[in-house]
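[1] Next input, structure requested:
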Amino acid sequence: MPWRTIAAGSAASGLLGATVGAVPLLPVLLLAAVLGVLLAVIDLRCLRLPNPLVAALALLTGFPVGLLGEPGQVARGALAAAMSFFAYAMIALWPRGGLGFGDVKLAAALGLVLGFLGWPVLLLGLALPHLINGPIALFLLARGRIGRRSAVPLGPALLTGALLAVALGG
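    Next comes the predicted model:
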């Protein structure tokens, strides 16, 4: 339903505005929230994270972060993006790892912004998606809505975890 998408975008934007405040990074975060809601809806419906949208998220957040930050922040963000990419790529390449490379690329794009904001924000942003998705998968499994080998989209949890990490620690 379109109203759910609008409500989710409004809630994400409102949360960022209320918690981050009027800082130069806020427009970048708001743009990321809008793209994030779109990516989440697509992943929930199609079990895919389209490369052009993930690339747009990476470019539209990465470039401004590079301009707004101090060299140490930018370097930390780049290192965080590389670490996130590597960690999620290892899971995706593991037999029955359950991740697609859309998740890997999204984790790297989010890792850049989360790392830019600090190591605690990055760690929280990488832990929360699994704390969000795990109980959801168990609930769906218990209800018989999915099987043991069913695909469960991780993109929405990655995006929600990143949003919460920024709101709590950014």
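
[2] contacts, neighbours, all on C-alpha from now
    Fine.

[3] how about the helix or strand hosting residue 163: buried residues?
    Take DSSP states H and E as the rule and residue 163 turns out to sit in helix 155-169. Buried residues in helix 155-169, counting neighbours by 16 or more other CA atoms under 10 Å, are found at 155-167, 169.

[4] Give me the contacts around it.
    Contact partners of helix 155-169, identified using CA atoms under 8 Å, 6 or more residues apart in numbering, comprise 12, 15-16, 19-20, 33, 36-37, 39-41, 43-44, 49, 103, 106-107, 110, 114, 117, 120-122, 124-130, 132-133.

[5] do stretch 64-75 as well
    If you take CA under 8 Å, 6+ apart as the criterion, stretch 64-75 is touched by 24-25, 28, 113, 115-118.

[6] again, only this time at 7 Å
    Identification of contacts with stretch 64-75 by CA atoms under 7 Å, 6 or more residues apart in numbering yields residue 116.

[7] before we move on, back to that, quick one: the buried residues of helix 155-169 as TSV, columns for distance to residue 8 and pLDDT too.
    Shown next, in TSV, are the buried residues of helix 155-169 (distance: CA to CA, whole Å; pLDDT from 0 to 100):
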residue	distance to residue 8	pLDDT
155	15	93
156	11	95
157	13	95
158	15	96
159	12	96
160	10	96
161	14	96
162	15	97
163	12	97
164	13	97
165	17	97
166	16	96
167	15	95
169	21	88
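
[8] Residue 126 versus residue 162, what's the distance?
    Computed as CA to CA, to the nearest Å, the residue 162 to residue 126 distance reads 7 Å.

[9] oh, I was asking about residue 143
    The gap separating residue 143 from residue 126 is 27 Å, by CA to CA.

[10] what residue ranges in this structure score low on pLDDT?
    Low-confidence segments of the chain (pLDDT under 70): 1, 97, 170.

[11] Helices of that one, residue ranges please.
    Secondary structure of the chain by DSSP state H: the helices cover 2-20, 26-46, 51-68, 71-93, 101-117, 119-142, 155-169.
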